[in-house]
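Participant: here are the coordinates; sequence isn't available:
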């Protein structure tokens, strides 16, 4: 098996997994209850009403028969637009943790196992593209924080984020983007 690309170190792979896990923690699957008060006022809550009557659940369908919790409507929409893909390998502890967390939270996901050189190349390509997009976004946010909001302390992070971007742009799939960046964007 070929060696891993330089930008695809263990730390970065764990960081990618942490991003998936963080999304799972922030997207806890729980029902949203619609409660009509005695005055006719409608409120929404994640807690069922105090009375013993069954509460109407808003956002989603009733629980599926396979005992997995139904996602609230908003999360169903997000899962449809932005599906979660978990890339894993055999014997990967963090991968097992990520899978368990997504399953526990009821977040639908597709798992792709990276076993062959072709799988690794496909993962490296997607990783480089995602990393370049994220680094570019962060560079823009930090520049905006300085210019618009008068927060120059974020400029100290630009060289590190720029280095992340350059590592991602080194992937052959981003050769055209790298040329464009090199021609038009001065390094910090």
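Facilitator: That came through, no problem. For clarity, every value in this text was computed on a predicted model and none was experimentally measured.
Participant: Next one, pLDDT for residue 36 please.
Facilitator: At residue 36, the model reports a pLDDT of 73.
Participant: Give me the helix or strand of the chain that scores worst on average pLDDT.
Facilitator: strand 56-58 (a mean of 37; mean pLDDT, DSSP states H and E).
Participant: Tell me which stretches of this structure form strands.
Facilitator: With DSSP state E as the criterion, the chain has strands at 32-36, 42-45, 56-58, 84-88, 109-113.
Participant: Can you flag the weakest of these by average pLDDT?
Facilitator: The weakest mean pLDDT among these belongs to strand 56-58, with a mean of 37.
Participant: My read is that residue 125 contacts residue 168, right?
Facilitator: No - contact criterion Cβ atoms under 8 Å: residue 125 and residue 168 do not qualify, at 10.6 Å. For glycine as for every other residue, the C-beta is placed from the backbone atoms N, C-alpha and C.
Participant: Neighbour count for these two, which is higher?
Facilitator: residue 168 (26 against 15; other Cβ atoms under 10 Å).
Participant: dump the residue contacts of the more buried one.
Facilitator: 7, 127-129, 131-132, 135, 174 (Cβ atoms under 8 Å, 6 or more residues apart in numbering).
Participant: Considering the residues you listed, which member attains the minimum pLDDT?
Facilitator: residue 7 (44).
Participant: burial of residue 87, as a residue count?
Facilitator: Counted with other Cβ under 10 Å, residue 87 comes out at 22.
Participant: swap in residue 161?
Facilitator: Residue 161 has 19 neighbours, counted by other Cβ under 10 Å.
Participant: again with residue 138
Facilitator: Other residues close to residue 138 by other Cβ under 10 Å number 18.
Participant: what do you get for residue 89?
Facilitator: 13.
Participant: Just give the nearest non-adjacent residue to it, would you?
Facilitator: residue 114 (5.2 Å; Cβ to Cβ, 6 or more residues apart in numbering).
Participant: Quick check, the one you found in contact with residue 125.
Facilitator: No - using Cβ under 8 Å, residue 114 makes no contact with residue 125, being 11.9 Å away.
Participant: Which parts of the chain are helices?
Facilitator: In the chain, the helices defined using DSSP state H lie at 10-26, 73-81, 93-105, 117-147, 158-169, 175-184.
Participant: pLDDT averaged over the last one - what is it?
Facilitator: Looking back up the chat, that one is helix 175-184. 95.
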